[in-house]
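Peer 1: sharing a sequence plus its predicted fold:
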Amino acid sequence: MSQIIAFDLGASSGRAILGRLNGSRIETEELHRFPNDPVPVGDRLHWDILRLYHEIKQGLLKAKHAGIEPASIGIDSWAVDFGMIGADGELLGNPYHYRDRHTDDMMEKLFKDVPAAEVFARTGIQFLPFNTIFQLYALKQANSQRLQPDAKFLMIPDLLRYFLTGEMYNEFSNATTTQLYNPLSGGWDAELIRKLGLSESWFGQVLQPGAAAGRIRASVMEELGIGAIPVYAVAEHDTGSAVAAVPALDRSFAYLSCGTWSLLGTEVDQPVINEAAQKYNFTNEGGVAGTYRLLKNIMGLWILQESRREWEKAGVTYSFSELVKLAEAAQPFAMLFDPDDPTFLHPGDMPSRIREYAKRTGQTPPEDAGGIVRSIMESLALKYRYVLELTEELSGKAFDGLHMVGGGIHNTLLCQWTANAIGKPVWAGPAEGSALGNLAVQWMASGEFKDIWEARRAIRESFPVAGYEPEQANVWNDAYGRFLAISRL
């Protein structure tokens, strides 16, 4: 029985998932789970990268104490964030969190050096204010000491792999999210990097998902009392791993990876880089086996998570299941909003921001928690319909339904409302999509699966998928019309 470990780091928590392959059946076991909270220091917002590294080692220790000798490990995480390693091999400062404000106004400033149309034509990546390109540009404008001439650029999984192995590599699926990788030439865009005043030497060899990326280094072996476990580069952007785990049988499928962020799109063989894709602000991120993920980011359950944190600060604690029940009892479609309005990007008082949005758009503000949560979930479901229709237009495909993966599928009301909004079936599962995709790529690398489609079949046969059929078509169509008018999409 093949046993391996996926370290899956989300924007709010991380986990070490043991995967067992018994014939063609996949079994998983959570070895270790830990919070992943950003750390505000002064005016800056950081990731606690050394704590994350410590927790990965705790996961390896728990495996050891359980008598498990993993055949390999892989790490996936959120995209865009990074650390810089100096010539002495040391980390140059704690990595910034993508919601830190140091990138405010950087898009407009950068476009004076390189026009937006040229950046998109070179990279095919949507414009989001926290993209790596804008983070690096902000550091350059600030004359940051992190950008030393002989430094090396490592994204979050690359950085954690380096701590474990001593080897420095970049990985394809995450590298594409930087908006500095050219999918047409198949490498870092040297000309774009030069135009921005950055250094080509910072960016290293790009490994494809499934490539060998080193072994546990001697100092970690001695510290933990473990062997030289092989480490693979998986699809290290967690959405890339989640899409690899979509249990689709049809090669033309649409997916929604639903968690702190929602990412909706389809898998394509070649990036879609044209005026329409730029106009709709779609992205082309690297996937497994040379594919690309044509998709759009949607703010996701972040708004709900931040609302819950705000209520906790006021001394009122709700479980997520309690919030869903309150939403179900609230008035339908009382207030709608665009989840991707910039007002919802940064941490803070989301209930107040939702009420302000309502006043700004001539709607009655929701007063209680149920009304707030219902407005979030209905607005998300309607935004999913909008993005699904754009995905069909850009890809030239018509989809029979939508595959939902990720932790958000535990919210069964959101799954049902998504089916209602799109007017098509929703197939929800598996919940641990990113971890399963991570495991699948490791097994592909070791030859246990011949390709991604064999892996997807095994995932489909190993984990339940819940089906949701659309209901109340007329009501949701009317709401969609209101949503488009209110959000001015």
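Peer 2: Done, it's in. Fair warning: this is a prediction, and the values are worked out from it, not measured in the lab.

Peer 1: dihedrals phi and psi, residue 106?
Peer 2: Main-chain torsions, residue 106, degrees, to the nearest 10: phi -70, psi -30.

Peer 1: that one contacts residue 136, doesn't it?
Peer 2: No: the criterion here is Cβ atoms under 8 Å, and residue 106 misses it with residue 136 at 9.5 Å. Using the backbone N, CA and C atoms, a C-beta is placed for each residue, glycine as well.

Peer 1: more neighbours, the two?
Peer 2: For residue 106 versus residue 136, the count of surrounding residues by other Cβ atoms under 10 Å is larger for residue 136: 28 against 21.

Peer 1: measure that one to residue 290 for me?
Peer 2: Using Cβ to Cβ, to the nearest Å, residue 136 is found at 27 Å from residue 290.

Peer 1: any idea of the mean pLDDT in the longest helix along the chain?
Peer 2: Counting by DSSP state H, the longest helix found in the chain is helix 369-395. Helix 369-395 comes out with an average pLDDT of 98.

Peer 1: tell me the helix or strand right after it.
Peer 2: The first helix or strand that comes after helix 369-395 along the chain, using DSSP states H and E, is strand 402-405.

Peer 1: just the buried residues of the longest helix of the chain, please?
Peer 2: Using 16 or more other Cβ atoms under 10 Å as the test for burial, helix 369-395 gives 369-388, 390-391, 394-395.

Peer 1: OK, contacts around residue 87?
Peer 2: Applying Cβ atoms under 8 Å, 6 or more residues apart in numbering, we find residue 87 in contact with 148, 150, 151.

Peer 1: redo the residues you listed as CSV? Include distance to residue 295, neighbour count and secondary structure.
Peer 2: Converted to CSV, those look like this (distance: Cβ to Cβ, whole Å; neighbours: other Cβ atoms under 10 Å; DSSP: H, G, I helix; E, B strand; the rest coil):
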residue, distance to residue 295, neighbour count, secondary structure
148, 34, 15, coil
150, 36, 11, coil
151, 31, 18, coil
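
Peer 1: of the residues you listed, closest to residue 430?
Peer 2: Nearest to residue 430 out of these is residue 151 (Cβ to Cβ; 38.7 Å).

Peer 1: where does the closest one fall, phi/psi-wise?
Peer 2: Residue 151 adopts backbone torsions of phi -80, psi 170, taken as degrees, to the nearest 10.

Peer 1: quick one, what contacts the spatially closest residue to it that is not a sequence neighbour?
Peer 2: Setting aside the residues directly before and after it, residue 151 is nearest to residue 84 in space (Cβ to Cβ, 6 or more residues apart in numbering), at 4.5 Å. Residues counted as contacts of residue 84 (Cβ under 8 Å, 6+ apart) are 91, 92, 93, 146, 147, 148, 151, 152, 153, 154, 202.

Peer 1: same thing but 10 Å
Peer 2: 90-93, 95, 136, 139, 144-148, 151-154, 159, 202 (Cβ atoms under 10 Å, 6 or more residues apart in numbering).

Peer 1: and the strands in the stretch 351-489 of the chain?
Peer 2: Along the stretch 351-489 of the chain, counting by DSSP state E, counting those that start in this stretch, strands occupy 402-405, 426-428, 466-468.

Peer 1: just give me the neighbour total for residue 172.
Peer 2: 25.

Peer 1: wouldn't it be in contact with residue 237 here?
Peer 2: Yes: under the criterion of Cβ atoms under 10 Å, residue 172 makes contact with residue 237 at 9.1 Å.

Peer 1: overlap in contacts, these two.
Peer 2: Shared contacts of residue 172 and residue 237, defined by Cβ under 10 Å, 6+ apart, comprise 209, 285, 286, 287.

Peer 1: in three-state terms, label the second one for me.
Peer 2: Classification of residue 285 using DSSP: H, G, I helix; E, B strand; the rest coil returns strand.

Peer 1: in the sheet, who's paired with it?
Peer 2: Counting by DSSP bridges, residue 285 forms beta bridges with residue 293.

Peer 1: please list all residues in contact with it.
Peer 2: 79, 124-126, 172-177, 181, 183, 235, 237, 239-240, 243, 263, 265, 271, 291-295, 297.

Peer 1: make it 8 Å
Peer 2: The neighbours of residue 285, taking Cβ under 8 Å, 6+ apart as the test, are 79, 125, 173, 176, 177, 237, 239, 240, 292, 293, 295.

Peer 1: so how far is residue 429 from the fourth one?
Peer 2: When you say that, I think you mean residue 176. From residue 176 across to residue 429, the span is 27 Å (Cβ to Cβ).

Peer 1: I figured residue 156 hits residue 94, correct?
Peer 2: No: the criterion here is Cβ under 8 Å, and residue 156 misses it with residue 94 at 11.7 Å.

Peer 1: between these two, which is the more surrounded one?
Peer 2: Neighbours were counted for residue 156 and for residue 94 using other Cβ under 10 Å; residue 156 has more, 25 against 16.

Peer 1: and the pLDDT for that one?
Peer 2: Listed pLDDT for residue 156 reads 98.

Peer 1: next one: it from residue 278, what distance?
Peer 2: Distance, residue 156 to residue 278, by Cβ to Cβ: 27 Å.

Peer 1: now the two most distant members of the shared contacts of residue 172 and residue 237.
Peer 2: Across these, the longest distance by Cβ to Cβ is 12.1 Å; it joins 209 and 285.

Peer 1: now for the two: what residues contact both?
Peer 2: Counting by Cβ under 8 Å, 6+ apart, the contacts common to residue 209 and residue 285 are 173, 240.

Peer 1: enumerate the beta-bridge partners assigned to the residue nearest to residue 151.
Peer 2: Residue 84 forms beta bridges with residue 153, as assigned by DSSP bridges.

Peer 1: ok, residue 396 to residue 384 distance?
Peer 2: Per Cβ to Cβ, residue 396 is found 20 Å from residue 384.

Peer 1: sorry, back to before: pick out whichever of the contacts of residue 285 sits closest to residue 461.
Peer 2: Residue 461 lies nearest to residue 240 out of the contacts of residue 285, by Cβ to Cβ, at 22.3 Å.

Peer 1: show me the contact partners of stretch 225-232.
Peer 2: When contacts are defined by Cβ under 8 Å, 6+ apart, stretch 225-232 is touched by residues 60, 64, 69-75, 161, 164-165, 210-216, 220-221, 441-442, 445.

Peer 1: ugh, wrong one, I meant stretch 24-33
Peer 2: Contacts with stretch 24-33, where a contact means Cβ under 8 Å, 6+ apart, come from 5, 13-21, 55, 58-59, 62-63, 66, 68, 432, 435-436, 439, 457-459, 461-463.
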